[in-house]
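A.B. asks: missing the sequence, but the structure's below:
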């Protein structure tokens, strides 16, 4: 009779590679194959094309208005070699936004492929559906959702500035890990403009069913936006105390 594996209970609670065993001086074949599969999935996530057409259609069926844009990086190879080009809109996309009629936007939303289009395909719409009623409850006016190919986080600053939005939320595919090729990140920046630094943003990360579910991420994003509106700033001046505040009913804690 085979002895029970003492690590079995722990493995049920983590995707980490623990107690893999060995075959001589190497990994067992099954574990090596699982590692190779995870590595291939991570590489595929980086290179998978962003299907913005299908996502725009899905958003439209749920009442969102979507704009399809692109960064100044003309293709995926350029995007990976030139991060600076992924932080700026193409001339066509910038002109399209400039030509839009003026409208009041409390929040501009940018959905970009980043380093995992898979994450965007799977998590962006569920997150927006969870977030929308929270925004409506806080009387936040939401404009069109910009879908941006070859997108970096800082590109949202240009989109938000061109739209005249008080804040911008960038939903973007995060760098894939060996157990998380489908992880979405959300970056909130108050008063977006070119030149904003990462220290002026708040991030909610690991948004996926096996990480932070969309409903929980939407709660945190709405909490941070409410705090940013009261403070008139985001980033290191706004501390995420959403868990403690929900328990006590307190307002967002602002560093000053």
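C.D. replies: Ah, there it is. On a predicted model such as this, the values are computed, not experimentally measured, just so you know.
A.B. asks: Next up, the contacts around residue 152.
C.D. replies: With contacts taken as Cβ atoms under 8 Å, 6 or more residues apart in numbering, residue 152 has the following neighbours: 71, 83, 86, 87, 112, 114, 172. All C-beta spots, glycine's among them, are computed from the backbone N, C-alpha and C.
A.B. asks: The residue nearest the centre of the chain sits in which helix or strand?
C.D. replies: With distances taken as Cα atoms, centre = their mean, the residue of the chain nearest its centroid is residue 185 (2.6 Å). Residue 185 is located in strand 184-190, with elements delineated by DSSP states H and E.
A.B. asks: mean confidence score for the helix or strand harbouring residue 33?
C.D. replies: Assigning secondary structure by DSSP H and E places residue 33 in helix 29-47. Helix 29-47 shows a mean pLDDT of 78.
A.B. asks: residues in contact with that helix?
C.D. replies: 17, 20-21, 23, 26-27, 76, 80, 115-119, 173, 176-179, 181-182.
A.B. asks: Okay, and which of the residues you listed map to strands?
C.D. replies: Of the positions in the contacts of helix 29-47, residue 173 sit in strands, assigned by DSSP state E.
A.B. asks: Quick one, which of the contacts of helix 29-47 are buried?
C.D. replies: By neighbour count, with 16 or more other Cβ atoms under 10 Å, those hold 27, 76, 115, 116, 117, 118, 119, 173, 176, 179, 181, 182 as buried.
A.B. asks: Among the residues you listed, which ones are in helices?
C.D. replies: When DSSP state H defines the helices, the subset of the buried ones among the contacts of helix 29-47 inside them is 76, 117, 118, 119.
A.B. asks: what pLDDT does residue 218 get?
C.D. replies: Residue 218 carries a pLDDT score of 97 in this model.
A.B. asks: Distance check, the closest residue to it other than its chain neighbours against residue 179.
C.D. replies: Computed as Cβ to Cβ, 6 or more residues apart in numbering, the closest residue to residue 218 that is not its neighbour in sequence is residue 130, at 3.7 Å. Using Cβ to Cβ, to the nearest Å, we find residue 130 at a distance of 24 Å from residue 179.
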